[in-house]
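Asker: A predicted structure for the sequence below; I have some questions about it.
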Amino acid sequence: MTNPPAAVPAAGADAALAALLLSVDPSGLGGAVLRAAPGAPRDQWLAALRARLPAGAPFKRVPLHITDERLLGGLDLATTLRTGRRALQRGLLAEADGGVVVLAMAERVTIATAARLAAVLDSRSVTLERDGLAARIPAAIALVALDEGIEPDERAPAVLLERLAFHLDLAGLDPRAALAVSADAAAVAAARLRLPSVALPEDLLTALVTTAAALGVHSARASWFALRASCALAALRGAGAVGEADAAIAARLVLAPRATRLPAAPEDERDETDEPAEAEPPTAEPAAANDEPAPPPQALDESAEVVLAAARAAIPAGLLAQLQAGLVRRPQRGAAGRAGALRGGALRGRPVGIRAGLPERGARLDLVETLRAAAPWQPVRRRAAAAAGDASARRVRIEGADFRIRRFKERSETTTIFVVDASGSSALHRLAEAKGAVELLLADCYVRRDRVAVVAFRGRGADVLLPPTRSLVRAKRSLAGLPGGGGTPLAAGLDAALAIADAVQRRGGTAVLVLLTDGRANIARDAAPGRGQAEADALQSARGVLAAGLNALLIDTSPRPQPFAAQLAGEMHARYFPLPHADAAALNRAVRLAATATS
């Protein structure tokens, strides 16, 4: 029988403790991710961390769209042109050596920037090889990633999350309450000096690793961070060795938020009536999706049970519910495309870098980068010009290979094409609800300034009720007078939508197709009745949607999900939503969720 775990402190107390530990061992713990909107709790946490760092330690902020040159460093153009020798300019990460870097809006950082930050966290240095320079600059930093993600699927990149010891959610903290931090800067400084001499007993090291395995945390970094956190805790309380309570708190702070499965309950907590019969093999607890099967239960020593119990009791409520359901939702890179898809090679938009090339066909010359490319060659060119008797040898000499032009990415305009089944079978079932759902979706598109188009198919063909437009009034008017009845020319509806999508794409836009149908195709492409040919034509049109590269969503509005509707969605590689009991609002929510996932 082991001692029960201590009561789990409030989220604010754990957050304050994490700030203390990070100030004791900044580069050893990697950093923290703070999931919270801008406000008092986040500001207080950052202020508490900064106040307890060593005197003079840098505290730098990384903006979202920072350039590689500012982040990593590069050629000092002014000094190079003045002296004729390559001069190195240190980047922000090198300037933050021995301190903390705060990454703003980490949930929206590009994968390229995240990879560069991860490399610096791993090596504790910046490796610079660009502009004719080769250098390795010390950059032992701690990273604080500010995750302002409002949507559940918005998360900081996994490559960063794995390298940060603490995953803190401050969203539930009272903004009026002060963050209570128990140690001042002097106590933290003393702990920092004591840290290298703190010993970790073998049994507690085993307990931390065993706890990580029991929680389904397979990353070796997580176990290492738990070890470092337990040593920092011991140093804070003035001890020369890690105690059982230190290891339990470290597991709670570092391992619990990373859990991917629930560990088996201790034997003394199980009801004897729940034990399997002797003839039956013991059943393992269900593992999370995409995880390896849980290993068979092993006997734990007393220290390991205490550490594991503390971690189990501190699993966040939302994560606990997912683990109990046997499924952990993985972080997704969502939200792209809500205001149009990113398109590279544009002549305007957000700058994303430079490339060698001539300023032709509207391309814009980047003068600074052109001078930067030419600077290392100035001594050679000046000597060559002087030898040739050129009186202008002292001028900056630019050649064709030096020209650099700007690269941009812009969000292309999105057109959402609603394809509405107005046939007799659909009218009998869900036409009114489909109209209501489309009206709600039209309003969402209007807010995003997307264009919308409406195609209706009934009888023997399809009609474009509304060409692409931003007018919400026109879109609603086109739906209001839509009658229902007649056959289901599904292929004709898809063909009409494809024609609109093709025109949109030719103009450089992005098209999204939303099909609302009960899937009962019975009118062929040539307007002849017959279910067999009608379904074959519809499948052929669906393959055309896939070939055009369109994001497509199919809402099955039949009272019972139709196998052919699911087959049609499969041919288009579309998201399929059978919603036999949904109202207009539920249809709207489902389509918005699918649109985010397919962007």
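Answerer: Sure, I can see it.
Asker: any low-confidence regions in the stretch 451-599 of the chain?
Answerer: With pLDDT under 70 as the threshold, the stretch 451-599 of the chain has low-confidence stretches at 481-484, 579-599.
Asker: recalculate using a threshold of 90.
Answerer: For the stretch 451-599 of the chain, the stretches with pLDDT under 90 are 451-488, 503-512, 514-522, 525-531, 546-563, 565-566, 573-599.
Asker: just the strands in it please.
Answerer: Taking DSSP state E, counting those that start in this stretch as the test, the strands found in the stretch 451-599 of the chain are 451-458, 461-469, 510-517, 551-556, 575-578.
Asker: so Ile398 sits in a strand?
Answerer: No. Secondary structure assignment places Ile398 outside any strand; it is coil (DSSP: H, G, I helix; E, B strand; the rest coil).
Asker: about what we covered before: out of the strands of the stretch 451-599 of the chain, nearest to Gly91?
Answerer: With C-beta to C-beta, the closest approach to Gly91 among the strands of the stretch 451-599 of the chain belongs to strand 510-517: 34.9 Å. Bear in mind the C-beta positions are built from the backbone N, C-alpha and C, glycine included.
Asker: got the CA positions of the closest one in CSV?
Answerer: As requested, C-alpha coordinates have been extracted for strand 510-517 and formatted as CSV (Å, rounded to 0.1, in the frame of the first residue of the first chain):
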residue,chain,number,x,y,z
THR,A,510,-9.2,28.9,-55.1
ALA,A,511,-12.4,27.0,-55.5
VAL,A,512,-14.2,24.9,-52.8
LEU,A,513,-17.1,22.7,-53.7
VAL,A,514,-19.9,22.0,-51.2
LEU,A,515,-22.4,19.4,-52.4
LEU,A,516,-25.7,18.9,-50.6
THR,A,517,-27.6,15.9,-51.9
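Asker: didn't Val454 look like it was pressed against Lys476?
Answerer: No. Counting by C-beta atoms under 8 Å, Val454 does not reach Lys476; the two are 9.8 Å apart.
Asker: these two - which one has more neighbours?
Answerer: Here Val454 and Lys476 are set side by side on neighbour count (other C-beta atoms under 10 Å), and the busier one is Val454, at 26 against 16.
Asker: could you chop the chain up by domain?
Answerer: The chain breaks down by automatic domain parsing into domains covering 11-196, 342-411, 414-598.
Asker: same question for the second one, mean pLDDT?
Answerer: The average pLDDT within domain 342-411 is 74.
Asker: could you do the first one as well?
Answerer: Along domain 11-196, the predicted local confidence has a mean pLDDT of 87.
Asker: distance check, Arg525 against Ala462.
Answerer: Between Arg525 and Ala462 the distance is 10 Å, computed by C-beta to C-beta, to the nearest Å.
Asker: next: Val242.
Answerer: The gap separating Val242 from Ala462 is 72 Å, by C-beta to C-beta.
Asker: please apply the same query to Asp390.
Answerer: 71 Å.
Asker: coming back round to it: would you turn the strands of the stretch 451-599 of the chain into CSV with distance to Arg312?
Answerer: Output for the strands of the stretch 451-599 of the chain, formatted as CSV (distance: least, C-beta to C-beta, whole Å):
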stretch, distance to Arg312
strand 451-458, 50
strand 461-469, 54
strand 510-517, 44
strand 551-556, 40
strand 575-578, 36
